[in-house]
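Undergrad: need coordinates for the below:
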Amino acid sequence: MAAILAGVGTQFPDLIDKPLAWSVAVLPTGRSLAHSLITASLVITLARTVSRRYNRSGYAVAFGIGYLSHLAADGLHPVIKGDFASLTYLTWPLLPLPVSDTDKSFLAHFLAFEFRPFTLLEFGLVALALIVWWYDDIPGVRGLQHLLQNERTVRE
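TA: Next up is the predicted model:
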């Protein structure tokens, strides 16, 4: 279960910000509310509080590591380029958001996608992570299967 929560944490900022910015225009950009360290601190603290209540502190740690690794990965390219002004989303709303030159829609972002060396590195890291996950007997999925089997048993 911790592996699943870590995986959810890695996607959490995009699952919140992208649809709310690109589909319903509630947020100003696809990197704003959930990409802010302020929001991350609040969400991780809430996860920690809930997980402690159920004696599952490791779950909040896993989610928090996933969440913070997403923010670190998003900031990696600007840091390598020395473009620190592009990192202001990490402190939103205290600092203004970086200006985006892509229209606010999923289609516009997908059409603007380009395979660059850094993108290929990212895909390579995902492939490596999947290999390690597979080699480690797919943690998280086994726990989920166990939970589903227990739920079926309870229903019967």
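
Undergrad: show me the protein divided up by domain.
TA: 2-105, 114-156 (automatic domain parsing).

Undergrad: which of these has the lowest mean pLDDT?
TA: Among those, domain 114-156 carries the lowest mean pLDDT, a mean of 79.

Undergrad: ok now that one, how far from the chain's centre?
TA: Relative to its parent chain, domain 114-156 has a centroid offset of 15 Å by CA atoms, centre = their mean, to the nearest Å.

Undergrad: please identify the most buried of the domains of the chain.
TA: With neighbours defined as mean count of other CB atoms under 10 Å, the domains of the chain peak in mean count at domain 2-105, which reaches a mean of 16. C-beta coordinates here come from the backbone N, C-alpha and C atoms, glycine included.

Undergrad: that one: end-to-end distance?
TA: 33 Å (CA to CA, to the nearest Å).

Undergrad: how about stretch 81-90?
TA: 17 Å.

Undergrad: starting at the chain centroid, how far to it?
TA: On CA atoms, centre = their mean, the centre of stretch 81-90 falls 18 Å from the chain's centre.

Undergrad: which strand or helix spans Leu71?
TA: Leu71 belongs to helix 57-81 when assigned by DSSP states H and E.

Undergrad: gap between Ile44 and Val79?
TA: 22 Å (CB to CB, to the nearest Å).

Undergrad: still on that earlier bit, packing partners for the helix holding Leu71?
TA: Packing contacts for helix 57-81, counted by 3 or more CB pairs under 8 Å, 6 or more residues apart in numbering; DSSP states H and E, involve helix 2-22, helix 37-53, helix 117-135.
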